[in-house]
Structures are given as structure tokens and as C-alpha cells.
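[1] Everything below, folded, please.
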Amino acid sequence: MGIKGRIKVAEALKKNSFGEKVILKGWVRTRRGNKNVGFVALNDGSCASNIQIVLDMAKFNDEELKPVTTGACIGVEGTLAQSMGSGQSVEIQADKIEIYGTADPNTYPLQKKGHTLEFLRSIAYLRPRTNTFGSVFRIRHNMAIAIHKFFHEKGFYYFHTPLITASDCEGAGQMFQVTTLNLYDLKKNENGSIDYSHDFFGKQTSLTVSGQLEGELGALALGEIYTFGPTFRAENSNTPRHLSEFWMIEPEMAFYDIEDNMDLAEEFIKYCVQWALDNCREDLEFLCKMYDNELIGRLESVLDKKFIRLTYTDGMKILEEAKAAGHKFEFPVGWGMDLQSEHERYLVEEHFKCPVILTDYPKEIKSFYMKQNDDGKTVRAMDVLFPKIGEIIGGSEREADYEKLKQRAAEMHVPEKDIWWYLDTRRWGSAPHSGFGLGFERLLLFVTGMANIRDVIPFPRTPNNAEF
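    Residues are numbered from 1 along each chain as shown. The predicted structure follows:
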């Protein structure tokens with residue numbers, strides 16, 4: 001059975017050319033039947049639905065069909081027929097079956113019974129074969145396509161920033177170190193510090209936490225750029241919202257102020273949600289049915305409303321009033337404190353009942369590169385807050401003034417030796433500019449309705465877990 005003539009399940013299910021000879025290849029989801037007729041549910045990953053293969057038992061002997069078990073990979077040559085059963089209009093009446101790979105039913109972990117998501121994480125190398133993760137990863141692909149399409153159509157340039165860096169963009173210090181030094185024999189300098197002069201790059205380097213700083217350099221030359229790549233945070237955060245390796249989309253735009261930045265963020269996220277509704281309907285309906293029956297309604301509701309915009313100060317007043325009225329928050333609220341997920345979700349889900357863009361945060365809880373407001377207390381930051389997620393986008397207008405940026409970096413203990421090149425962009429042809437970062441997996445949590453961020457990336461990297 002050659003590859004020529006093979007069609008995918010997604011294509012076969014749309015056909016109505018009954019009587020046509022077709023070839024399909026895929027993996028067996030289930031097999032059932034009696035001594036006269038057998039039924040195989042076949043899936044090849046092209047869509048959420050299986051196609052039914054009908055086996056006339058008079059055409060096949062038992063030995064031939066013995067390997068056709070759940071998980072086995074087979075090829076089927078047969079005739080496209082109108083299905084009499086409910087659920088789909090098309091089936092394949094099999095003439096020939098070829099076995100590509102068997103799956104011992106005694107050892108293959110993905111049998112017909114339901115499996116917990118936690119169990120499936122332990123066999124992440126197999127979970128893409130399940131209906132759930134087939135849907136999630138097809139949606140993930142579509143979201144990546146939507147992101148590139150959105151920015152390309154707006155005239156942005158896809159800008160590749162380095163994964164290995166000598167600077168800590170966030171000033172957080174929670175970075176994975178990259179080294180070729182012998183960890184069993186580390187040479188020290190006269191100060192007792194590790195001597196990195198013999199390391200591969202001749203200095204201490206780490207995996208990036210963000211492509212933003214280099215992205216700004218691109219925006220100050222090309223006008224409007226975006227990055228889309230993996231980032232790494234060595235935070236010991238075992239929560240359903242944190243990964244140690246995740247993907248970020250970071251647009252940076254010359255001549256955008258904070259209002260332009262908010263407008264772009266809202267337009268961008270609505271575009272992605274609309275793309276999912278238009279292009280991933282079957283997968284969304286499956287996830288809606290299996291995990292979150294409000295999913296499609298929640299996605300549609302985001303498109304219907306303009307996002308509420310308010311300052312951090314006003315948002316904090318709402319939270320303080322809610323607390324005074326008896327609402328129980330686990331974490332304290334008060335001006336100057338960073339918002340926790342529960343605070344963000346209260347504003348979005350209970351108070352406004354729509355996405356919120358919060359602006360003008362206290363400068364003490366934000367990064368050194370954000371433009372300072374005239375009040376001396378706040379910066380032009382903006383966070384987009386979403387139902388069920390909390391913060392989904394974080395961004396700001398960037399500080400364009402050399403002296404202010406240099407002073408703020410010093411106040412926040414960001415070494416000038418690490419960011420001299422970034423400061424230089426404010427010395428020569430500085431321009432007002434803005435940007436934001438969207439955690440790709442946070443967007444996928446919202447679009448798929450999954451509850452744990454480990455379930456929207458094929459192979460999650462979290463504290464104490466780097467399997468597969």
C-alpha cells in the first residue's frame with residue numbers, strides 16, 4: 001500500500017463521493033464487533049473525529065485482524081460509504097488492512113477507559129494520541145499561525161532575539177545558567193568569585209527570561225517588530241499557571257505611546273480568539289463538551305465588549321471596598337502591593353465581568369525600563385487581565401530618556417556593565433516606544449479552557465520535572 005492516494009481522516013469525513021476507493025492510515029482508537037461485522041475507530045491526528053472502518057468478517061481471517069487493537073497503527077484500503085450510524089455521515093468499508101505497528105493491549109497505557117490529566121502528564125510522550133491533547137495541540141498550532149498572520153498583516157517584522165544572554169531583563173535573578181565549566185573543579189578569582197574568563201563565552205551567561213531588550217533595539221531601527229520564542233524562568237513555582245520553559249510573544253513599536261500599546265494588545269488578543277472560533281471549531285466544541293461547557297460562550301464574550309481600562313489606583317480602591325464589604329482575599333490588598341491572581345480575577349470576573357487593562361502601577365513593583373509618570377510614583381505600565389487566568393499580557397511605554405533610565409537601573413541594582421548597549425539606544429536617536437509580552441501558554445489556557453498550564457504545552461518543564 002503506497003503513500004499515493006492516501007487521504008486524511010479530516011478530508012474523508014467531508015466527502016460525499018460514495019463508492020470511491022480510498023486509502024487511510026492512522027491509529028486505532030477502538031475496535032468492537034461480532035463474528036459477522038467489526039468496527040474500527042481510526043484517527044490520524046488531522047481532526048478531533050474518528051472515522052469508522054467497517055470490517056466484513058467474511059473478507060478477513062482472525063489472524064489477520066488479531067493485531068488490530070487500540071493503539072496499533074494501520075493502513076486501510078476500502079470504499080467510501082454512507083454511514084447508517086449516528087454521529088457521522090461517512091464510513092469506510094474495508095477491502096485490505098496493512099499493519100504498520102502493533103500495540104500490546106496488556107502494556108499500551110492508552111486503553112479505552114478514561115485517564116486523568118495528571119496520569120497523562122506522566123506519559124506526555126504518548127498523550128498527543130488522545131482526543132484531548134490532539135485538540136489542544138491543533139489549537140496551539142492555529143494560535144501560532146494567527147499570531148504570525150496578525151503581525152505580518154500589520155507590517156511588523158519577525159525579529160529573532162538570543163536565547164543565551166548576559167543580561168537579566170527583569171532584574172529578577174532567577175535565571176538558568178549556561179556554562180561549559182567543570183562544575184567539580186570551579187576556578188575562583190582573587191575575590192573568591194567564580195572565574196568565568198575560561199567559560200565558553202568568556203563571561204557568565206544564562207538562558208533568557210525575555211527577548212524584550214533586544215526587541216527594543218529592533219523597533220528603534222525597523223519601526224515595529226515582534227519576537228516569538230521560548231523563554232526560561234528558574235522560579236520554584238509549582239502552580240497551575242507557571243512553567244520553567246514557556247513561549248512568549250513580544251511586540252515592540254517605535255512611536256507608540258501607552259494608549260497605542262493598549263489598543264494593539266486588545267486588537268491582537270481579539271484577533272487570536274476570533275481565529276480560534278473560525279478555524280478550530282470542532283476542537284473547541286470537543287473541549288467544551290468534555291472540560292468546560294462555558295468555553296465557547298466565554299471566547300465569544302471577549303469579542304463583544306471593549307476592554308475596561310482603569311488605573312492601578314482605582315483598581316486597588318475597588319479591591320479595598322470589596323474587602324471592607326466582606327469579600328475574603330487570601331492575600332492582602334493595599335496601594336503599593338503587587339496584585340495576585342485572585343485580585344485580578346475579582347476585577348475581571350466579579351466586578352466588571354469583562355477583560356480589564358490596568359495601568360499606571362507603582363514604580364517600585366515594576367521593571368526599570370518603564371516610563372515614569374510625572375507624579376514621580378507611578379510608571380506607564382499596562383497589564384491585560386482575563387477571566388479564569390488573571391494577567392495574560394504585561395507591557396508598558398518604555399523610558400526613552402537616557403538619564404532617567406540610567407538612574408532607574410541604578411536604583412533597581414541592574415548592573416550598567418550588563419546593559420550599556422541598551423542605554424546607548426537612548427543616547428543616539430532615542431524615540432518614544434512601547435511594547436508588551438504575552439505568555440503563549442496563558443493565551444492557550446484561555447482558548448482551550450484547560451485548567452493547568454502543563455496541559456497546553458507538549459512537554460512541560462517545571463521544578464523537578466524535565467522528562468522526555
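[2] Check the gap between the residue lying farthest from the centre of the chain and residue 458 for me.
    With distances taken as CA atoms, centre = their mean, the residue sitting farthest from the centre of the chain turns out to be residue 58, at 49.1 Å. When distance is defined by CB to CB, to the nearest Å, residue 58 is 43 Å away from residue 458. Where you see a C-beta, it was placed from the backbone N, CA and C, and this is true even at glycine.
[3] same thing with residue 403?
    Here the criterion is CB to CB. By it, residue 403 lies 46 Å from residue 458.
[4] higher neighbour count, the two?
    With neighbours defined as other CB atoms under 10 Å, residue 403 and residue 458 compare such that residue 458 has more, 13 against 10.
[5] How about the contacts made by the more buried one?
    Residues counted as contacts of residue 458 (CB atoms under 8 Å, 6 or more residues apart in numbering) are 124, 128, 137.
[6] ok, of those, which come out buried?
    Among the contacts of residue 458, those classed as buried by 16 or more other CB atoms under 10 Å are 124, 137.
[7] Show the backbone phi and psi for residue 447.
    Main-chain dihedrals, residue 447, degrees, to the nearest 10: phi -70, psi -30.
[8] same thing with residue 112?
    The phi/psi pair for residue 112 (degrees, to the nearest 10) reads phi -60, psi -30.
[9] count of residues packed around it?
    With neighbours defined by other CB under 10 Å, the count for residue 112 comes to 10.
[10] for the closest residue in space to it that isn't next to it in sequence, helix, strand, or coil?
    The spatial neighbour of residue 112 that comes closest, neighbours along the chain excluded (CB to CB, 6 or more residues apart in numbering), is residue 30 at 5.5 Å. Here residue 30 takes the strand state, with states given by DSSP: H, G, I helix; E, B strand; the rest coil.
[11] List the residues that contact residue 30.
    The neighbours of residue 30, taking CB under 8 Å, 6+ apart as the test, are 40-41, 70, 112.
[12] Flag the shaky bits of the stretch 101-250 of the chain, pLDDT-wise.
    Across the stretch 101-250 of the chain, the stretches falling below the confidence threshold (pLDDT under 70) are 168-173.
[13] got the residue ranges for the strands in it?
    In chain order, the stretch 101-250 of the chain shows strands spanning 157-158, 164-165, 177-178, 205-207, 224-232, 245-254, with DSSP state E, counting those that start in this stretch as the criterion.
[14] How far off centre is the fifth one?
    Mean C-alpha position of strand 224-232 versus that of the full chain (CA atoms, centre = their mean, to the nearest Å) differs by 13 Å.
[15] So for that strand, what gets flagged as buried?
    224-229, 231-232.
[16] Dump those into TSV; add distance to residue 312 as well.
    Shown next, in TSV, are these (distance: CB to CB, whole Å):
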residue	distance to residue 312
224	27
225	28
226	26
227	26
228	28
229	30
231	25
232	28
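[17] closest to residue 80 among those?
    When those are compared for distance to residue 80, the smallest value, 40.1 Å, is given by residue 228; criterion: CB to CB.
[18] show me the contacts for the closest one.
    With CB under 8 Å, 6+ apart as the criterion, the residues that contact residue 228 are 144, 147-148, 158, 247-250, 440.
[19] could you redo the last one with a cut-off of 7 Å?
    When the contact criterion is CB atoms under 7 Å, 6 or more residues apart in numbering, the partners of residue 228 are 147, 158, 247, 249.
[20] Repeat that for residue 369.
    The neighbourhood of residue 369, defined by CB under 7 Å, 6+ apart, consists of 398-399, 405.
[21] same thing but 8 Å
    Taking CB under 8 Å, 6+ apart as the contact definition, residue 369 lies against 212-213, 216, 396, 398-399, 405, 408-409, 422.
[22] Most neighbours among these, which one?
    residue 398 leads the contacts of residue 369 on contacts (other CB under 10 Å) with 30 neighbours.
[23] Residue 436 is in contact with that one, correct?
    No. Counting by CB atoms under 8 Å, residue 398 does not reach residue 436; the two are 10.6 Å apart.
[24] For the protein, which segments are assigned as helices?
    If DSSP state H is used as the criterion, the helices of the chain fall at 9-12, 62-65, 117-122, 131-153, 212-222, 258-279, 281-290, 295-304, 312-324, 341-345, 402-411, 416-424, 440-448.
[25] Put together CSV for these, with distance to residue 90 on each row.
    Formatted as CSV, the entries for the helices of the chain read as follows, by distance: least, CB to CB, whole Å:
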stretch, distance to residue 90
helix 9-12, 6
helix 62-65, 22
helix 117-122, 29
helix 131-153, 19
helix 212-222, 48
helix 258-279, 22
helix 281-290, 15
helix 295-304, 25
helix 312-324, 53
helix 341-345, 44
helix 402-411, 62
helix 416-424, 58
helix 440-448, 27
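[26] Output the contacts of residue 458 in CSV, with distance to residue 354 appended to each entry.
    As requested, the contacts of residue 458 are exported to CSV (distance: CB to CB, whole Å):
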residue, distance to residue 354
124, 35
128, 34
137, 29
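[27] Tell me how many other residues crowd residue 328.
    As a burial measure, residue 328 scores 7 neighbours (other CB under 10 Å).
[28] Around the closest residue to residue 105 other than its chain neighbours, count how many other residues there are.
    Closest residue in space to residue 105, ignoring its immediate chain neighbours: residue 69 at 4.8 Å, by CB to CB, 6+ apart. The local packing count at residue 69 equals 18, with neighbours defined by other CB under 10 Å.
[29] With residue 392 instead?
    As a burial measure, the neighbour count of residue 392 was computed by other CB under 10 Å and equals 22.
[30] How about residue 119?
    Neighbouring residues of residue 119 were enumerated by other CB under 10 Å; the total is 11.
[31] From residue 355, how far out is it?
    Between residue 119 and residue 355 the distance is 34 Å, computed by CB to CB.
[32] wouldn't residue 15 be in contact with residue 89 here?
    No. In this structure, residue 15 sits apart from residue 89 without contact. The criterion is CB under 8 Å, and the distance is 9.4 Å.
[33] tally of neighbours for residue 24?
    Here the count is done by other CB under 10 Å, and residue 24 has 24 residues near it.
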